[in-house]
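>>> Sequence and predicted structure are below.
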Amino acid sequence: MLEELHVRDLALIKEAWLEFGPGMTVLTGETGAGKTALLGALKLLLGERADSTVVRAGASETIVEGRFLAGDVELIAKRRLSADGRSRCTLDDEMATVGALAERVGPLVDLHGQHDHQALLSAATHVGYLDRRAGEPAASALGAYREARSEYRAALEARDVLASRLADAAKNADYLRFVADEIGRVEPLPGEDDALEARLPALQHGERLAEAASDATNLLRGDGGALDRIALASAALSRVADIDPALDELSARLAGVSALGDDVSTEMRTYRDRIEHDPAALDGVLTRLSELSGLKKKHGPRLEDVLAARDEALVALAAHDAGAEAMDVSNGAVSAAERVLRTAADTLAGVREAAAPEFVDALSGAVADLEMGGTRFEVSVTVLPFDTWTADGPHRIEFLYAPAAAQPARPLARIASGGELSRVMLALKGVLGEADTVETLVFDEIDAGVGGATATAVGRRLAELARGRQVVVVTHLAQVAAFADAQLVVVKDLAGDEAATSVVRVEGDARVAEIARMLSGNDSEASLAHARELLGKA
């Protein structure tokens, strides 16, 4: 419930404090005084977007504060909108976003303005009204339907992705097969090119290498070679070892040189014997390197890249070959999801079909109380093609209206007048209010286009709605205002250099005077008497 509203520097309003209680409160005043601006202030607290044009001329910012009661919990919302367009929000003195206002405060108030008349003319909104009246069964069935629809759309998307991938694979299959076959014929091994490159110098220069190794071996081991001379030197030292022990170290070192030379000679001979002199082997290595180089130019630059290209081609071909099976699986998933969706749609349709007669009876009864006796409503259900089902369901729901029992029911947009549309909307709000938990209903000129006895019926209906919840009404009709539990008058003060708007609660004689003004535009004795009579009857 809305308990208090504080507005500063909004449009014509310099500052206004409004207190609201349970029951029905009306906002009245001359046209242009600022009643709509006050509702605009409330919309700001409900999370509606706004721009700097709402800031009062000459002011730096607009401030709107509201105190709400949700059950036993008090909630204070505040919105500041500066002249440069910046917006700041708080909830219970903590910073918040506009989205947070819409989420926390928005559900507490059902605000009906003139644009809702246009919404009623759109058949797309009618299914929502029917579901709200049906309550939890419709909400549950709609939730299951939407979940099933989401799963079905996901299965369709997955199948489309698979089909696209398979189509691409089919286009590239010949190329992929060529790549796999080309690399497969060569059968490269990891690191093979590096190993062949290391082997190549020995094959290309084998004769020279063998000759050098043979010469070195002969110089070490041949007659009169280095090893023989080292042996003679070692023997010479050993002959005088007893004379000077200092020569023992030199003799040992010389023995080491002899052993080292012997090892080198042995390895040199082994190296010489290992060198290939086969020209055919050289040709084979060169040919192999050429094959590997060709692959690296196409799929490289490294041999690892070639091997990766082969593996990727084989994987893609395997996926392509398994594509038919995968598509069968995907088609099965789509069919299963479609069956679940159709079942959920049937359940939703059943809930709505069951709720429609009761909804029509309730709405017809509500409009009959608004001087619209004899009118008739129908709910038209049109089954949609499967591929055009929307998030709202598998069929199109539209309310049809007949202004007289003998006339055929037709869409509201074609035959309902402005006054009739206002009363239908008020009746609809009442019917939905019985199913909704919203504690505060706000109506902006719901009585547009009506007068006389009809206006009295509208006022009475609003008062009935206010028995179970808080109702706030902006009205120009005295017949409606007379039914209110409290009346706030919006007054434009033209004194001074600039116009300003204030809000005054009127009671007693002041309220009688305001009702008289609404009736005739003056406070003559006749008008005052009429106002007292109207208030008394209400």
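On my side now, so go ahead.
>>> so which helix or strand takes in Glu304?
helix 303-321 (DSSP states H and E).
>>> Next, the buried residues of that helix.
Across helix 303-321, burial judged by 16 or more other CB atoms under 10 Å covers 303, 306-307, 309-310, 313-314, 316-317, 320. (Glycine included, C-beta is placed from N, CA and C.)
>>> Generate CSV for those, with distance to Asp392 as supplementary columns.
What follows is those, written out as CSV (distance: CB to CB, whole Å):
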residue, distance to Asp392
Leu303, 61
Val306, 57
Leu307, 56
Ala309, 51
Arg310, 53
Ala313, 48
Leu314, 49
Ala316, 43
Leu317, 46
His320, 41
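>>> and these as TSV, adding pLDDT and distance to Asp168?
Output for the buried residues of helix 303-321, formatted as TSV (pLDDT from 0 to 100; distance: CB to CB, whole Å):
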residue	pLDDT	distance to Asp168
Leu303	91	28
Val306	91	23
Leu307	93	23
Ala309	90	17
Arg310	91	19
Ala313	87	14
Leu314	87	17
Ala316	79	9
Leu317	81	13
His320	74	9
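>>> Among the residues you listed, give me the pair with the biggest separation.
Leu303 and His320 (26.0 Å; CB to CB).
>>> sec struct for the residue lying closest to Arg460 once chain neighbours are set aside, please.
Closest residue in space to Arg460, ignoring its immediate chain neighbours: Phe483 at 6.2 Å, by CB to CB, 6 or more residues apart in numbering. For Phe483, the assignment made with DSSP: H, G, I helix; E, B strand; the rest coil gives coil.
>>> Ramachandran coordinates for Phe483?
Main-chain torsions, Phe483, degrees, to the nearest 10: phi -80, psi -10.
>>> mind listing the helices for the stretch 251-400 of the chain?
Listed in chain order, the helices of the stretch 251-400 of the chain (DSSP state H, counting those that start in this stretch) span residues 279-299, 303-321, 323-368.
>>> export the ones you listed to a markdown table and tack on distance to Val381?
Putting the helices of the stretch 251-400 of the chain into a markdown table (distance: least, CB to CB, whole Å) gives the following:
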| stretch | distance to Val381 |
| --- | --- |
| helix 279-299 | 63 |
| helix 303-321 | 46 |
| helix 323-368 | 7 |
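>>> So for Arg88, which of those sits nearest?
helix 323-368 (41.9 Å).
>>> For that closest one, which helices and strands make contact with it?
When contacts are defined as 3 or more CB pairs under 8 Å, 6 or more residues apart in numbering; DSSP states H and E, helix 323-368 sits against helix 126-134, helix 136-186, strand 376-383, helix 418-433.
>>> Turn the ones you listed into a markdown table, columns for mean pLDDT.
Formatted as a markdown table, these follow (pLDDT from 0 to 100):
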| stretch | mean pLDDT |
| --- | --- |
| helix 126-134 | 87 |
| helix 136-186 | 90 |
| strand 376-383 | 86 |
| helix 418-433 | 72 |
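>>> Ala59 is nearest to which of the ones you listed?
Nearest to Ala59 among the helices and strands packed on helix 323-368 is helix 418-433; the distance by CB to CB comes to 34.9 Å.
>>> Tell me which of the helices of the stretch 251-400 of the chain sits nearest to Arg8.
Comparing the helices of the stretch 251-400 of the chain by CB to CB, helix 323-368 comes nearest, at 39.1 Å.
>>> That closest one - what's its average pLDDT?
Confidence for helix 323-368, expressed as mean pLDDT, is 90.
>>> returning to what we had before: for the helices of the stretch 251-400 of the chain, which one sits closest to Leu441?
helix 323-368 (14.1 Å).
>>> what's the offset of the closest one from the middle of its chain?
Its chain's average C-alpha position is 24 Å from that of helix 323-368, according to CA atoms, centre = their mean, to the nearest Å.
>>> you'd agree Asn159 is up against Gly332?
Just to correct that, residue 159 is Arg rather than Asn. No: Arg159 is beyond contact range of Gly332, at 10.0 Å (criterion: CB atoms under 8 Å).
>>> ok so, going back, switch the helices and strands packed on helix 323-368 over to CSV; also include distance to Glu525 and mean neighbour count.
Formatted as CSV, the helices and strands packed on helix 323-368 follow (distance: least, CB to CB, whole Å; neighbours: other CB atoms under 10 Å):
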stretch, distance to Glu525, mean neighbour count
helix 126-134, 47, 21
helix 136-186, 56, 15
strand 376-383, 45, 16
helix 418-433, 31, 22
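>>> about what we covered before: and the residue nearest to Arg460, what does it touch?
24, 459-460, 462-463, 538 (CB atoms under 8 Å, 6 or more residues apart in numbering).
>>> Please repeat the previous calculation with a cut-off of 10 Å.
The contact partners of Phe483, by CB atoms under 10 Å, 6 or more residues apart in numbering, come to 23-24, 26, 456, 458-464, 466, 471, 473, 475, 534-535, 537-538.
>>> do the same with Leu317
Counting by CB under 10 Å, 6+ apart, Leu317 touches 169, 172-173, 176-177, 179-180.
>>> tell me which of these is nearest to Ala124?
Of all the contacts of Leu317, Ala124 sits closest to Ala169, with 42.6 Å by CB to CB.
>>> re earlier: want to throw the helices and strands packed on helix 323-368 into a markdown table with distance to Leu348?
Shown next, in a markdown table, are these (distance: least, CB to CB, whole Å):
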| stretch | distance to Leu348 |
| --- | --- |
| helix 126-134 | 9 |
| helix 136-186 | 4 |
| strand 376-383 | 12 |
| helix 418-433 | 19 |
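>>> between the ones you listed, which one is nearest to Ala409?
strand 376-383 (4.5 Å).
>>> and the closest one, what other elements does it pack with?
Packing partners of strand 376-383 (3 or more CB pairs under 10 Å, 6 or more residues apart in numbering; DSSP states H and E): helix 126-134, helix 323-368, strand 395-402, strand 410-411, helix 418-433.
>>> Would you mind telling me which of those is nearest Asp110?
helix 418-433 (7.5 Å).
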